[in-house]
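S.K.: Have a look; sequence and predicted model below, questions after that.
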Amino acid sequence: MTFDGKAFGAEIVGAVKAHVAEVLAPVTDRLDVLEKRLSELPTPKDGKDADEEAIAARVSEMLAGELAEIRTAVEAIPEPASISDVDVETVEDGRTMVLRFTIGDVDHAFEVALPVGPAGEKGEAGEPGPEGPKGADGKDGVGLAGAVIDRSGNLVLTLTDGSTRDLGTVVGKDGAAGQNGADGRDGADGVGFDDMEVIHDGARGFTFRFVKGDRVKEFPFSVPAMIYRGVYRDGETYGPGDTVTWGGSLWHCDAETTDKPDGQQKAWTLAAKRGRDGKDAK
């Protein structure tokens with residue numbers, strides 16, 4: 001930061017001028033009155049040569065009273081006031097300086113803004129300081145050496161320092177035995193493989209049949225194999241896997257339907273498209 005001496009000097013000069021003007025005010029007032037009276041004197045006319053001694057005596061007589069008053073006022077001017085008790089203080093923000101001083105019996109204080117310069121470049125890192133003293137060794141830590149569940153169902157930990165910690169019950173006691181339930185009914189006799197047969201319906205359907213005495217168990221199922229059902233017949237029911245010929249093309253049935261495979265029904269998929277007609281032989 002730098003001090004603005006020009007601004008500070010202007011503040012001091014202004015304070016001194018104000019003090020001097022206040023002290024000389026009576027003298028300047030009397031001079032103004034004298035100048036006014038001199039301007040009111042009549043303009044002399046041409047006449048006889050004047051007696052210089054008489055004129056000087058008359059002017060001295062006229063000005064005697066005024067000069068006496070001016071002399072009295074000048075003699076009454078006090079000695080110039082001195083500047084004392086000068087003190088400079090920097091405000092905490094570091095950017096303002098307060099100048100305090102006394103002229104005569106009047107205290108003055110002026111604040112001067114201190115310019116802030118641009119930040120300097122960051123300095124290089126200093127050398128590492130000396131290594132500090134080695135601290136005292138800490139106490140050895142305690143780790144887990146083992147764990148066991150005792151006969152009471154409590155979890156007991158063994159630490160590396162030989163001490164143990166009982167963490168409480170982790171295995172509950174067995175509950176009381178419940179009452180015996182009623183005897184169940186005898187199950188039906190099982191059916192062996194000697195009584196099984198497989199029945200084929202001639203298409204894609206199969207049935208597993210189990211027979212033992214008068215007991216019969218059947219499990220039907222079908223295999224989704226493609227079976228050609230010939231040319232499509234109106235009113236016939238077709239199932240998944242059936243294929244038919246219609247309009248010279250081969251169609252595959254995707255869902256049970258009686259609709260015609262004309263390409264507009266979702267139950268049919270075109271499997272083989274009809275070929276173009278050949279040319280006539282010569």
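M.R.: Looks like it came in fine.
S.K.: could you pull out the strands for the stretch 51-200 of the chain?
M.R.: Per DSSP state E, counting those that start in this stretch, the stretch 51-200 of the chain carries strands over the ranges 83-90, 96-103, 106-113, 144-149, 154-159, 164-169, 196-200.
S.K.: Show me what the mean pLDDT comes to for the first one.
M.R.: With pLDDT averaged residue by residue, strand 83-90 scores 64.
S.K.: again with the shortest one
M.R.: Per-residue confidence for strand 196-200 averages out to 84 on the pLDDT scale.
S.K.: got it, and the fifth one?
M.R.: Averaging pLDDT along strand 154-159 gives 84.
S.K.: That one vs strand 144-149, what angle?
M.R.: Strand 154-159 runs at 160 degrees relative to strand 144-149, counting by axes from the mean of the first three to the mean of the last three C-alpha atoms, to 10 degrees.
S.K.: likewise the shortest one?
M.R.: Taking the same axes, to 10 degrees, strand 196-200 and strand 144-149 form an angle of 100 degrees between their directions.
S.K.: Can you list the strands that the following helix or strand past strand 196-200 pairs with?
M.R.: Read in the C-terminal direction, the helix or strand following strand 196-200 is strand 205-212, with elements assigned using DSSP states H and E. The strands that strand 205-212 pairs with in its sheet are strand 196-200 (antiparallel), strand 215-222 (antiparallel) (by DSSP bridges).
S.K.: in strand 205-212, what counts as buried?
M.R.: Within strand 205-212, the residues that qualify as buried by neighbour count (16 or more other C-beta atoms under 10 Å) are Phe210. To be clear about C-beta, it is placed using only N, CA and C from the backbone, and glycine gets the same treatment.
S.K.: Now do Ile227 against Lys260, distance only.
M.R.: Using C-beta to C-beta, to the nearest Å, we find Ile227 at a distance of 19 Å from Lys260.
S.K.: Model confidence at Cys253, what's the number?
M.R.: For Cys253, the pLDDT comes out at 91.
S.K.: so who does it touch?
M.R.: For Cys253, the set of contacting residues under the criterion of C-beta atoms under 8 Å, 6 or more residues apart in numbering consists of Tyr238, Gly239, Pro240, Gly241, Asp242, Thr243, Val244, Pro261, Ala267, Trp268.
S.K.: One more pass at 7 Å, please.
M.R.: Taking C-beta atoms under 7 Å, 6 or more residues apart in numbering as the contact definition, Cys253 lies against Tyr238, Gly239, Pro240, Gly241, Asp242, Ala267, Trp268.
S.K.: Please name the spatially closest residue to Gly146 (chain neighbours excluded).
M.R.: Closest residue to Gly146 apart from its sequence neighbours, by C-beta to C-beta, 6 or more residues apart in numbering: Thr158 at 4.3 Å.
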